[in-house]
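Chemist: Build me a structure from this.
(chains A and B)
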Number of protein chains: 2
Amino acid sequence: MTFYIAGLGLNEESLTKEIIEVINKSSKVYIETYTVEYPYDLKVFEKSIGKKLLSLDRGAVESEKFLEEAKKKEVTLLVYGSPLFATTHYSLILKCIKEKIPYKVLQNASIKDAVGAIGLQIYKYGKTTSMPTWNTVKNHQPDSFMEIIKENINNKSHTLLLIDIGLGFEDSLRQIKESFDKHGVNEKVVVCSRMGTKEEKMYYGMIEELIEKEVKNPYCYVIPAPEESIHFMEKEALEMIKV
Amino acid sequence: MTFYIAGLGLNEESLTKEIIEVINKSSKVYIETYTVEYPYDLKVFEKSIGKKLLSLDRGAVESEKFLEEAKKKEVTLLVYGSPLFATTHYSLILKCIKEKIPYKVLQNASIKDAVGAIGLQIYKYGKTTSMPTWNTVKNHQPDSFMEIIKENINNKSHTLLLIDIGLGFEDSLRQIKESFDKHGVNEKVVVCSRMGTKEEKMYYGMIEELIEKEVKNPYCYVIPAPEESIHFMEKEALEMIKV
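Modeler: I've put the predicted structure just below:
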């Protein structure tokens, strides 16, 4: 009779002791699959944990039906990365509080921890933003993420730019290039691929220099603070991943 | 012949499968003890992992001597929370790159993940800052953290305010009160204690309302964005932890 919301961390070996214990004692184990493209095979992962995983899409998470089950059973929802990164997931906690369903949050590493590997100071990240997929046919090219990027540049902050699920690397580069040009932003960026996994890759350069890199999903970008405002150790770190 | 820097996550059960494996195969396992007061007994923890833990203070971490050992052996450095949150820890990676010492970063949850439990959107946190202990005898009362807090308030961002190790809760409240008064800031704050552990506590209110709460180390504060700029679900969440 508890709802557990647990973070999977970033790779197939990053389950914590407490999460493994909770999975083992749960009657049902759900896994959230609509906010991320997993960097590992979920069938193999399912086998390795020895428990049937029930996949949940956006509709199912938002319907919150599985919370009803938690009134009678131990139910776990597994989320890639950190369990409360997405707002939708916190709304499950609110429902538990209101309906007096016992719940427990089991933390794990998120992309915000993993980008530490770039060497830019975690303290100096400003607001996070995300880029949707443009629909060029309908001429729908929303670029409100640029407001956050510009605000962060003005405040000498780094920006973590997350990418819509399904948006391929080359298309995302094109969208960023167009947006930067339109808004007069001329910064170098870091592209980060499969952070926290064995296939982790990081490249720093001008957008047009990144095009030749092979970047696998999931990936994201970091736009560093303007060069003149960053610490010498951060500069040294960026040198290490320069294309 | 690898240097592993591994995050402990937030409680004694939050070691990941990959970190347990790495600890088991390491000849030496160090633990960093100068940036945090652990919310659990390190002697008990040491017994539970079945490996001798060698405690490292600031001087020892900065001397980087243990990296020499990693040229010949498997050496692990355990860090509370996320391994690269502190800048000093990234400097170890830089040294590994320069001296061609193989290294691996093993991610885990940090306080930035754990504050997700407050219900304020992770996306909307601005730069993080930290408050040092004031020396009232020498009249040394640095409050540069207020610049970050004010910047974040102006940008409608939340602020994570970390607390100097050793600074007690009542003293920290007094320092915040003085700093807020001096800078004309009149926001409510959240105090978060032992986040990600069984003893996790969160309280939201005016500074003077928090004084009666029993708050254990480690703890931190979150200063929410101004009320008029926050999402209704965030407001609902804050209501749940209001004192």
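
Chemist: And the helices in chain A?
Modeler: Applying DSSP state H to chain A gives helices spanning A:17-25, A:42-49, A:58-63, A:66-69, A:87-98, A:111-114, A:145-154, A:169-183, A:207-210, A:232-240.

Chemist: what angle sits between the first one and helix B:42-49?
Modeler: Put plainly, it is helix A:17-25. 50 degrees (axes from the mean of the first three to the mean of the last three Cα atoms, to 10 degrees).

Chemist: Among the helices of chain A, show me which one is buried the most.
Modeler: Mean neighbour count (mean count of other Cβ atoms under 10 Å in any protein chain shown) peaks for helix A:111-114 among the helices of chain A, with a mean of 25. Just so you know, the C-beta spots here come from the backbone N, C-alpha and C atoms, and that holds for glycine as well.

Chemist: That helix and chain B in contact?
Modeler: Yes: Helix A:111-114 reaches chain B (Cβ under 8 Å from any Cβ of the partner chain) through A:112, A:113, A:114.

Chemist: Show residues contacting that helix.
Modeler: A:10, A:81-82, A:85, A:122, A:125, A:128, A:160, A:162, A:192, A:195-196, A:200, A:220, B:7, B:82, B:84-85, B:107-110, B:112-113, B:122 (Cβ atoms under 8 Å, 6 or more residues apart in numbering or on different chains).

Chemist: Return a PyMOL selection command for the buried portion of these.
Modeler: Under the burial definition 16 or more other Cβ atoms under 10 Å in any protein chain shown, those of the contacts of helix A:111-114 that qualify are selected in PyMOL by:
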select buried, (chain A and resi 10+81+82+85+122+125+128+160+162+192+195+196+200+220) or (chain B and resi 7+82+84+85+107+108+109+110+112+113+122)
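
Chemist: nearest to residue B:43, of the helices of chain A?
Modeler: Of all those, helix A:17-25 sits nearest to residue B:43, with 18.4 Å by Cβ to Cβ.

Chemist: Is there any residue in the helix or strand bottoming out on mean pLDDT in chain A that contacts chain B?
Modeler: None of the helices or strands of chain A scores lower by mean pLDDT, DSSP states H and E than helix A:58-63, at a mean of 87. No: counting by Cβ under 8 Å from any Cβ, chain B has no neighbours in helix A:58-63; the shortest distance is 12.9 Å.

Chemist: What of stretch A:119-138?
Modeler: Yes: shown here: stretch A:119-138 in contact with chain B (Cβ under 8 Å from any Cβ) through A:119, A:121, A:122, A:123, A:124, A:125, A:126, A:127, A:128, A:129, A:130.

Chemist: need the contact list for the residue nearest to the second one when sequence neighbours are not counted.
Modeler: What sits nearest to residue A:121 in space, not counting adjacent residues and going by Cβ to Cβ, 6 or more residues apart in numbering or on different chains, is residue B:87, at 5.6 Å. Shown here is residue B:87, whose contacts under the criterion Cβ under 8 Å, 6+ apart are A:121, A:123, A:231, A:233.

Chemist: So what's the gap between stretch A:120-140 and the chain middle?
Modeler: Mean-position distance between stretch A:120-140 and its chain equals 12 Å (Cα atoms, centre = their mean, to the nearest Å).

Chemist: Name the residues that touch stretch A:143-159?
Modeler: A:120-121, A:124-131, A:161, A:175, A:179-180, A:182-183, A:185, A:187, A:222-226, A:229-230, B:126-127, B:151, B:155.

Chemist: Same check on stretch A:161-169?
Modeler: A:34-37, A:111, A:128-133, A:145, A:149, A:172, A:175-176, A:191, A:213, A:215, A:217-223.

Chemist: Could you rerun that using 7 Å?
Modeler: A:35-37, A:128-133, A:145, A:172, A:215, A:219-221, A:223 (Cβ atoms under 7 Å, 6 or more residues apart in numbering or on different chains).

Chemist: Let me know the average pLDDT across it.
Modeler: Averaging pLDDT along stretch A:161-169 gives 95.

Chemist: how about that stretch: buried residues?
Modeler: Per 16+ other Cβ under 10 Å, stretch A:161-169 contains these buried residues: A:161, A:162, A:163, A:167, A:169.

Chemist: Need the distance between the two termini of that stretch.
Modeler: This stretch, stretch A:161-169, spans 13 Å end to end (Cα to Cα, to the nearest Å).

Chemist: for stretch A:228-243, same thing?
Modeler: 20 Å.

Chemist: for the record, mean pLDDT for that stretch?
Modeler: pLDDT averaged over stretch A:228-243 gives 95.

Chemist: residues in contact with it?
Modeler: A:118-121, A:156, A:190, A:202-205, A:209-210, A:213, A:224, B:87, B:90-91, B:94, B:97.

Chemist: Using CSV, write down the CA coordinates of the least confident helix or strand of chain A.
Modeler: This file holds the C-alpha atoms of helix A:58-63, laid out as CSV (Å, rounded to 0.1, in the frame of the first residue of the first chain):
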residue,chain,number,x,y,z
ARG,A,58,1.7,10.0,-21.4
GLY,A,59,-2.0,9.4,-21.3
ALA,A,60,-1.6,6.6,-18.8
VAL,A,61,0.7,8.6,-16.5
GLU,A,62,-1.7,11.6,-16.7
SER,A,63,-4.7,9.5,-16.0
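
Chemist: residues making contact with that helix?
Modeler: By Cβ under 7 Å, 6+ apart, the list of residues contacting helix A:58-63 reads A:32, A:34, A:88.

Chemist: Where does pLDDT dip in chain A?
Modeler: Residue ranges of chain A with pLDDT under 70: none are present.

Chemist: Domain-wise, how is it divided?
Modeler: A:2-109, A:112-240 (automatic domain parsing).

Chemist: Same list, those domains, but as CSV with distance to residue B:60 please.
Modeler: Below are the domains of chain A laid out as CSV (distance: least, Cβ to Cβ, whole Å):
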stretch, distance to residue B:60
domain A:2-109, 25
domain A:112-240, 19
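
Chemist: I figured residue A:66 was touching residue A:30, is that so?
Modeler: Yes: taking Cβ atoms under 7 Å as the definition, residue A:66 is a contact partner of residue A:30 at 5.8 Å.

Chemist: anything in contact with each of these two?
Modeler: Joint contacts of residue A:66 and residue A:30 (Cβ under 7 Å, 6+ apart) are residue A:77.

Chemist: Spatially central residue in chain A, please.
Modeler: For chain A, the residue nearest the mean C-alpha position is residue A:111 (5.0 Å; Cα atoms, centre = their mean).

Chemist: related to what we said a few turns ago, show me which of the contacts of stretch A:161-169 are buried.
Modeler: Buried, going by 16+ other Cβ under 10 Å: A:35-36, A:128-129, A:131, A:133, A:145, A:172, A:215, A:219-221, A:223, out of the contacts of stretch A:161-169.

Chemist: between these, which is closest to residue B:21?
Modeler: Once Cβ to Cβ is applied, the member of those that ends up nearest residue B:21 is residue A:36, at 24.3 Å.

Chemist: Nearest spatial neighbour of residue A:160, chain-adjacent residues omitted?
Modeler: In space, residue A:160 is closest to residue A:128, 4.6 Å off (Cβ to Cβ, 6+ apart).
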